[in-house]
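Chemist: Here's my sequence, what's the structure:
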Amino acid sequence: MGCCTPEPKSDGAHPIAARPATRVSAPSLISLPGGTFAMGYEGPEIVAADGEAPVRPARVSPFSIAPAAVTRAEFCAFVEATSYVTAAERFGSSFVFHACLSAPDDHPAVPHTPWWRELRGASWRCPHGPGSERAVPEDHPVTHVGWHDAMAYCRWSGTRLPTEEEWEFAARGGLEGRRYPWGDDFMPDGEPRCTSFAGAFPQPNNPQGYLGTTAVRTHAPNAYGLYQMTGNVWEWCLRPSADRKSDRTDLRPIRGGSHLCHHSYCSRYRTSSRLMAPAATTAGHIGFRVARDGEKYPRTGSVGDCA
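Modeler: You can find the predicted model right below:
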């Protein structure tokens, strides 16, 4: 899948829960009124294949969205309640950024994107492979989850994934035509507003001391009260209805960029940035947040089957 996401393996099966999931109370979400906004981007950073352009009017109905990405602790509660097994656990491996490993050369590099290492035993439980259960704090976003894993969490929690239009409307925070959730300047007053890569990619050099994800509420929220809508982790969304006719029916959108984005290589930490990735993709920079329809109780059952 190019620079940002490695190509996943798949056994053709969707991961399943060991016993029926029991619905729990939906998490506290932020209600947004919806409306029409200018979606997309046509500036110099555009990557034609991503499908950001053209800038076009998009309309969303009232909806609610989580203030932050689902955390490791929240996903753990889901797994404990359902005995769910994720795609990475079923396949036996996932993709980890080389600098997160103490001995990266011990693991095979992904062709054309050697900063990704396929690691046996890497999953949401062990983000950096066996023995790394405590390597990432519980208030960081859950990673190494595929699209079907995210949908399973949504069904359990009485939510759904946001559509791309909803996600971008929310990320913009009411700012029309701005590149980031806070405006056009990436680092106002020299202060970072999102978690992104520091160094000469792919070699990190971060004076702030972190590598990889940060806590889901690390940086100030946008005007809608939403945290880390860009940077930190890519977030799975529901694909546009037009894309459902594609021959690659396994492709799903991810939005917002990640902690690996950097202006010298990949500036996809903008509000309009998007990629299409195979639903089975799992890596250390992909997570999700949840949403639901307006103030009504969410739909159940078939949302993940057709989206």
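
Chemist: which residues in this structure form helices?
Modeler: 72-82, 87-91, 147-157, 164-172, 303-306 (DSSP state H).

Chemist: can you tell which of the ones you listed is closest to Glu235?
Modeler: Taking C-beta to C-beta, helix 164-172 is the member of the helices of the chain nearest to Glu235, at 7.0 Å. Placement of C-beta: from N, CA and C, glycine included.

Chemist: List the neighbours of stretch 50-60 that are in contact with it.
Modeler: 34-42, 46, 163, 165-166, 168-169, 177, 268, 272-276 (C-beta atoms under 8 Å, 6 or more residues apart in numbering).

Chemist: which parts of that stretch are buried?
Modeler: 50-52, 58, 60 (16 or more other C-beta atoms under 10 Å).

Chemist: just stretch 193-211 next, same as before
Modeler: 193-198, 201-202, 204, 211.

Chemist: distance between stretch 38-52 and the chain's centre?
Modeler: Remark: stretch 38-52 is offset 19 Å from the chain centroid, using C-alpha atoms, centre = their mean, to the nearest Å.

Chemist: Now do it: distance from first to last residue.
Modeler: One end of stretch 38-52 to the other measures 12 Å (C-alpha to C-alpha, to the nearest Å).

Chemist: go on, stretch 202-213?
Modeler: Using C-alpha to C-alpha, one end of stretch 202-213 lies 15 Å from the other.

Chemist: ok so, going back, nearest approach to Ser123 belongs to which of the helices of the chain?
Modeler: Nearest to Ser123 among these is helix 87-91; the distance by C-beta to C-beta comes to 4.2 Å.

Chemist: What would the closest one look like as PDB? C-alpha coordinates only.
Modeler: Taking C-alpha atoms only, helix 87-91 is exported to PDB below (Å, rounded to 0.1, in the frame of the first residue of the first chain):
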ATOM      1  CA  ALA A  87      -6.800 -10.300  12.800                       C
ATOM      2  CA  ALA A  88      -3.200  -9.800  13.900                       C
ATOM      3  CA  GLU A  89      -3.600 -12.500  16.500                       C
ATOM      4  CA  ARG A  90      -5.100 -14.900  14.000                       C
ATOM      5  CA  PHE A  91      -2.500 -14.200  11.400                       C
END
